[in-house]
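Undergrad: 3D model of this:
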Amino acid sequence: MEDVKLLGTWASPFSYRVIWALKLKGIDYEYIEQDLSNKSPLLLQSNPVHKKIPVLIHSGKPISESMIILRYLDESWPENYPLLPADPYERAVARFWIKFAEEKLTSAFAIFRTSGEEQEKAVKESLEVMKTLEEHAFGLLLLQEKAFFGGDKVNMVDLAYGVMGYWLDAVEDCTGVKLMDPLKFPLFHGWVNRFNEAPVIKDNLPDREELFAYFKRRREMIVSATSS
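TA: Below is the predicted model of the structure:
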């Protein structure tokens, strides 16, 4: 039996990216919750550069950053539910949209951390990103009659964008900013609903009320700190 550990925090969407991948691949692992206000020696030793979660530890070897971890899992357990297409072109397209997610999704979470003009800028950037995704990424799913980027099953691209659904609701709730308008972004909205209902995803999400309460507390702390 291989020794696999995951260092994460219960409210982190990036931790859940890795949890979903581990569950899809059927990999047994030990989850170790981290307190980011009092970082453990194991976390500091495993990720001394950024000191952040998630960190996967496989047979004593640490791997950091959620999407890097997903690629590592796919290469280390290639036959257990492949997360990327076998076709080279389809794999390249998948990697393009994964890179887009890594570069662009930060604007949505910037809305949570900012206020005033900074927040307005983050909202504008987020809406532009969502418009691009609606027209090109989720539009492609519609043309190809696919439920997910993996066809009829979730793949790595879905996991990359999965943070936009459940967690975006929490951001919208505590900031009062509405991004996921089903009238403006019906394809994106439809995909979010399908993704959240996929069995492995649905069974591995944090409690909604606890998550929203946590985000509200964090938002109040941020607003208080910036206004003082």
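Undergrad: dump the residue contacts of the residue nearest the centre of the chain.
TA: Geometric centre of the chain, nearest residue: residue 163, 3.3 Å, by C-alpha atoms, centre = their mean. By C-beta atoms under 8 Å, 6 or more residues apart in numbering, the residues touching residue 163 are 13-14, 16-17, 105. (C-beta placed from N, C-alpha, C; glycine too.)
Undergrad: between those residues, which is closest to residue 220?
TA: residue 13 (20.0 Å; C-beta to C-beta).
Undergrad: any idea how far the residue nearest to the closest one when sequence neighbours are not counted is from residue 196?
TA: Beyond its immediate neighbours in the sequence, the residue positioned closest to residue 13 (C-beta to C-beta, 6 or more residues apart in numbering) is residue 163, lying 3.6 Å away. Separation of residue 163 from residue 196 (C-beta to C-beta, to the nearest Å): 11 Å.
Undergrad: how about residue 7, secondary structure?
TA: strand (DSSP: H, G, I helix; E, B strand; the rest coil).
Undergrad: quick one: contacts of the longest helix anywhere in the chain?
TA: With residue count as the measure and DSSP state H as the assignment, the chain has helix 208-227 as its longest helix. Helix 208-227 is contacted from outside by 11, 112-113, 115, 166-167, 169-171, 173-175, using C-beta under 8 Å, 6+ apart.
Undergrad: can you list these in TSV and add neighbour count, distance to residue 30 and secondary structure?
TA: Output for these, formatted as TSV (neighbours: other C-beta atoms under 10 Å; distance: C-beta to C-beta, whole Å; DSSP: H, G, I helix; E, B strand; the rest coil):
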residue	neighbour count	distance to residue 30	secondary structure
11	17	19	coil
112	20	30	helix
113	16	31	helix
115	15	39	coil
166	18	24	helix
167	22	24	helix
169	18	29	helix
170	22	27	helix
171	22	30	helix
173	16	32	helix
174	21	32	helix
175	21	35	helix
